[in-house]
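Visitor: How does the following fold in three dimensions:
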Amino acid sequence: MLTLQVIRRELQGEVVLLTLAHADGIDLPPFSAGAHIDLHLAEDLVRPYSLCGDPQNRQHYQLGILKDTQSQGGSLAAHALKVGDRIPVSDPRNLFALDETASHSLLIGGGIGITPMLAMAAELHAAGRSFSLHYCARTREGAAFISQLEQAAWADRVQLHFSDSQRLNLAAVLTDVPANTHVYTCGPTRLMDAVAEQAAASGYRPEQVHQECFSVDVETGGAAFEVFAAASGISVQVLENQSIVEALAQAGLKVCVSCKQGICGSCLTDVLEGEPDHRDSYLTDEEKADGDQILLCCSRAKSARLVIDL
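Guide: Reported below is the predicted structural model:
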């Protein structure tokens, strides 16, 4: 855990661009494009945000955070940060890394989903690798990072798409690329679903399509079941409208969670006995089929009892 200081704050529409650095000016832990850090905004308020700065710059981290009217507190707390404020952050973690075997990387960011794409473009450009970036937003006036995109050293690789003018033609974008292109997309669910559907129709293999979700709708309800935390010796009953995390917390066993939607993997735990009912977007289909891991924030059990390594 690091404690960093807000050294710059810039508001671009509904997005706040925060620059964080160590108060003593020392280098920060390295990260690769697609990584995120957890901001510890308050007690029990931990949220993951993508790093959007240049991975080669070890002096600071940059985050672009949308002010979400449906926020459960995370984005509102982030927008309240001021220059000089100090905040605990995690080391960078990467669940959305670039594939180094790709002959070409096609980056598609929608809205605030542009943030990891900025770091990806910087990393690919520095490595001299082939890529193109498509940024989709409702309007030019309401879009963040426009000037940064237009002034970047790789600006000639960028195409902008706005709902009120030039919309993204996915069929054309996904076919007019070299063989062994890998696609990276982040943004609204409807955009990522459309990219996945069109990529499959265009002959892309599943391993060529990479996505990162910022939010998903998760159905967490279901029949009650028992959870035994083996290492702690604690047994709890998880009620119909209760998460495993909530049940364990009531018994005095606190689990670190960030997204609470089965996206970030912070609450991933090994399963020793029982059959999980996976509700997350983090594990692959193969990992879910193995049944030896579970995301405690949203998933449940198909068996009457789960034994977890906690």
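Visitor: Only C-alpha atoms from now on, for both contacts and neighbour counts.
Guide: Fine.
Visitor: Can you classify V83 as helix, strand or coil?
Guide: coil (DSSP: H, G, I helix; E, B strand; the rest coil).
Visitor: Pretty sure it sits against V6.
Guide: Yes: with contact defined as C-alpha atoms under 8 Å, V83 reaches V6; the gap is 4.9 Å.
Visitor: between these two, who's got more neighbours?
Guide: More crowded of V83 and V6, by other C-alpha atoms under 10 Å: V6, with 21 against 14.
Visitor: any idea how far Q293 is from that one?
Guide: 36 Å (C-alpha to C-alpha, to the nearest Å).
Visitor: Can you report how many residues lie near E287?
Guide: 12.
Visitor: Confirm it sits in a helix?
Guide: Yes: assessed with three-state DSSP, E287 lies in a helix.
Visitor: list the contacts for it?
Guide: E287 makes contact with Q293, according to C-alpha atoms under 8 Å, 6 or more residues apart in numbering.
Visitor: any idea how far it is from L268?
Guide: Taking C-alpha to C-alpha, one finds E287 at 12 Å from L268.
Visitor: just checking, C136 touches H161?
Guide: Yes: the criterion here is C-alpha under 8 Å, and C136 meets it with H161 at 4.7 Å.
Visitor: Find residues that contact each of these two.
Guide: The contact sets of C136 and H161 overlap at 167-168 (C-alpha under 8 Å, 6+ apart).
Visitor: So if I had to pick from the two, which one is more boxed in?
Guide: Set C136 next to H161 and count neighbours by other C-alpha under 10 Å: C136 wins out with 25 against 19.
Visitor: give me the element that one is part of.
Guide: strand 131-137 (DSSP states H and E).
Visitor: what packs against that strand?
Guide: Strand 131-137 makes packing contacts with strand 104-110, helix 115-127, strand 158-162 when contacts are defined by 3 or more C-alpha pairs under 8 Å, 6 or more residues apart in numbering; DSSP states H and E.
Visitor: Sheet-wise, list the partners of it with their directions.
Guide: strand 104-110 (parallel), strand 158-162 (parallel) (DSSP bridges).
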